[in-house]
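Participant: mind folding the following:
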Amino acid sequence: MARQQRTATAIRPRPAVGSLRSWLRFLAGFAVLCAVLLGTSALDATGRWGVLILAAVLLTAVVMERIRHPSPLPDLLRRLGLGRPGGRALAVAAAVSALVVLVFPVTAAVSGTEILLRPDWPWLLLGVFAFHGLAEELVWRGYAFRRLREGRSFRAATVATMPLIAAAHVPIVVTLGPAVGIGAMAVAAVTSVPLAYLYETGRRTVWAPALVHTAIDTFKLVVIPAAALPTFSVLIIVVSLTLPLLALAVPPGASPRR
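Facilitator: So this is what the prediction gives:
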């Protein structure tokens, strides 16, 4: 009985973000999570310290969620999107991710160069998955989309999430220049749709979107020759804008639980 009560508490509908007061609370929470995410990643954006970035973001998200709705830790983690994922969503995410990483052999073939993995690529892969996969998805889907989805349709919640995610990528314009920054903002905004879809069809968990998100950022695992950089820059943006949309062609199956 106690377990059933905890489950009911975890999935009970929450008040939608609608009034001025609720919007201010929502935006304040989003600002805090973004500050932790961007602040920790600014110390090292290579992915080597991704596990520590994830730990900082997760701890902040758990504390914020516990203040909003006190619950046992397992319920808090499920609410944030770290519950048991759906197999269909994971399979789709794995297939899309496999297609995304084909950008490297295609770049090598087109540019006539060789793209090599960095010596420490296994550790980098773990860091990229922890940072770009789980930590960012906890903020974008586990917090922002989930909160905006309460009382809204999928389309409305996704549209409302887009400008927030795009704005969070504005610092890239300053650090890496307008071309890279605008490209990153466009990718973040467009992929909001398929990644939110994977989040919902994956039982409202961040695991499936985290796989695709990681695949998009696997360029940190390789060394791109200078001669191949122009080709790769164009291809990675095109691939990141288009291939994740293939997830939308897969039927969702059973409706996700709230």
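
Participant: in the protein, where is pLDDT below threshold?
Facilitator: The model of the chain has pLDDT under 70 over residues 1-16, 18, 173-174, 176, 180, 253-258.

Participant: of all residues in it, which one is nearest the centre?
Facilitator: Glu137 (2.9 Å; CA atoms, centre = their mean).

Participant: tell me who's in contact with it.
Facilitator: By CB atoms under 8 Å, 6 or more residues apart in numbering, the contact list for Glu137 reads Gly81, Leu195, Tyr199, Val206, Pro209, Ala210, His213. For glycine as for every other residue, the C-beta is placed from the backbone atoms N, C-alpha and C.

Participant: helix or strand: which one has the second one?
Facilitator: Secondary structure assignment for Leu195, by DSSP states H and E: helix 192-201.

Participant: now the strands for the chain?
Facilitator: Along the chain, counting by DSSP state E, strands occupy 116-117, 222-223.

Participant: how about those strands in JSON lines, adding mean neighbour count?
Facilitator: Output for the strands of the chain, formatted as JSON lines (neighbours: other CB atoms under 10 Å):
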{"stretch": "strand 116-117", "mean neighbour count": "14"}
{"stretch": "strand 222-223", "mean neighbour count": "14"}
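
Participant: save the ones you listed as JSON lines, and put in distance to Ala130 too.
Facilitator: Listed next are the strands of the chain as JSON lines, based on distance: least, CB to CB, whole Å:
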{"stretch": "strand 116-117", "distance to Ala130": "19"}
{"stretch": "strand 222-223", "distance to Ala130": "18"}
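
Participant: right, and those strands - which one's nearest Glu150?
Facilitator: Set against Glu150 and scored by CB to CB, the strands of the chain come closest in strand 222-223, at 39.9 Å.

Participant: run a quick neighbour tally on Leu33.
Facilitator: Applying other CB atoms under 10 Å, we find 22 other residues in the vicinity of Leu33.

Participant: Thr40: which of the strands of the chain is closest?
Facilitator: strand 222-223 (23.7 Å).

Participant: that closest one pairs with which strands, and in what direction?
Facilitator: If you go by DSSP bridges, strand 222-223 pairs up with strand 116-117 (antiparallel).

Participant: contacts for the strand it pairs with next, please.
Facilitator: Leu221, Val222, Val223.

Participant: the second one contacts Phe104, correct?
Facilitator: Yes: contact status for Val222 versus Phe104: in contact at 6.2 Å, counting by CB atoms under 8 Å.

Participant: identify the contacts common to these two.
Facilitator: Between them, Val222 and Phe104 share these contacting residues under CB under 8 Å, 6+ apart: Ile115.

Participant: if we can go back for a sec, for Ile67, which of the strands of the chain is the nearest?
Facilitator: strand 222-223 (41.3 Å).

Participant: how about residues contacting that closest one?
Facilitator: Strand 222-223 has contacts (CB under 8 Å, 6+ apart) with Phe104, Ile115, Leu116, Leu117, Arg118, Trp121.

Participant: how many residues are close by the residue nearest to Thr46 when sequence neighbours are not counted?
Facilitator: Distances taken as CB to CB, 6 or more residues apart in numbering put Lys220 closest to Thr46, at 6.1 Å, once the chain neighbours are dropped. Residues contacting Lys220 under the criterion other CB under 10 Å number 19.

Participant: correct me, but Lys220 touches Asp44?
Facilitator: No: with contact defined as CB under 8 Å, Lys220 does not count as touching Asp44 (11.1 Å).

Participant: re earlier: let me know the closest of the contacts of strand 222-223 to Leu58.
Facilitator: Checking these one by one against Leu58 (CB to CB), the nearest turns out to be Trp121, at 24.3 Å.

Participant: show the contacting residues for the closest one.
Facilitator: By CB under 8 Å, 6+ apart, the residues touching Trp121 are Leu221, Val222.
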